[in-house]
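Chemist: Based on what follows, work out the 3D shape:
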Amino acid sequence: MMPSRTNLATGIPSSKVKNSRLSSTSPDDGYIDLQFKRSPPKVPYKAIALATVLFLIDTFLIIIGSLLLAGYISKGGGGADQAVPVLIIGILVFLPGFYHLRIAYDASKGYRGYSYNDIPDLDD
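Modeler: Numbering: from 1, shown residues only. Sure thing, here's the model as predicted:
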């Protein structure tokens, strides 16, 4: 014979507790639609501003690096020696700036699969 369980909240043995189904007055079993709606995501303005600054800086660096490599700008004599590091830095800064601006643009247009939640928030 198994020992009887006791309801810890009331101290009543489980054999004495009667279970009954709650009455259902609505077909949705007590759930309301508001429970399942998400609040609109907060727009991360600081992150979008940082992505814009990164995008502008990288655009400037890529243009300067390209002009150095082509020889339109020559200061000193090491055209390719100066151009390669500028291009590498410009491309490395371009990637996150463009990526986050693209997500922000697509989220603002309401495209499916894009949300402001995909952009890291800088308010942490």
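Chemist: And the host helix or strand of Phe60, what's buried?
Modeler: Taking DSSP states H and E as the criterion, Phe60 maps to helix 45-70. Neighbour-count burial for helix 45-70, counted by 16 or more other C-beta atoms under 10 Å, picks out 47-48, 50-51, 54-55, 58, 61-62, 64-65, 68-69. The way it works is simple: take the backbone N, C-alpha and C, and place the C-beta from them, glycine included.
Chemist: Is it possible to get these out as CSV so that each row also shows pLDDT and distance to Asp121?
Modeler: Formatted as CSV, the buried residues of helix 45-70 follow (pLDDT from 0 to 100; distance: C-beta to C-beta, whole Å):
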residue, pLDDT, distance to Asp121
Ala47, 88, 6
Ile48, 89, 10
Leu50, 88, 11
Ala51, 89, 12
Leu54, 88, 16
Phe55, 91, 19
Asp58, 90, 22
Leu61, 89, 26
Ile62, 90, 28
Ile64, 87, 32
Gly65, 86, 32
Leu68, 84, 37
Leu69, 84, 37
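Chemist: which of these lies closest to Ala104?
Modeler: Ile48 (4.9 Å; C-beta to C-beta).
Chemist: Report how many residues lie close to the nearest residue to that closest one once chain neighbours are set aside.
Modeler: Spatially, and ignoring its direct neighbours in sequence, Ile48 is nearest to Ala104 (4.9 Å; C-beta to C-beta, 6 or more residues apart in numbering). Counted by other C-beta atoms under 10 Å, the residues lying close to Ala104 total 21.
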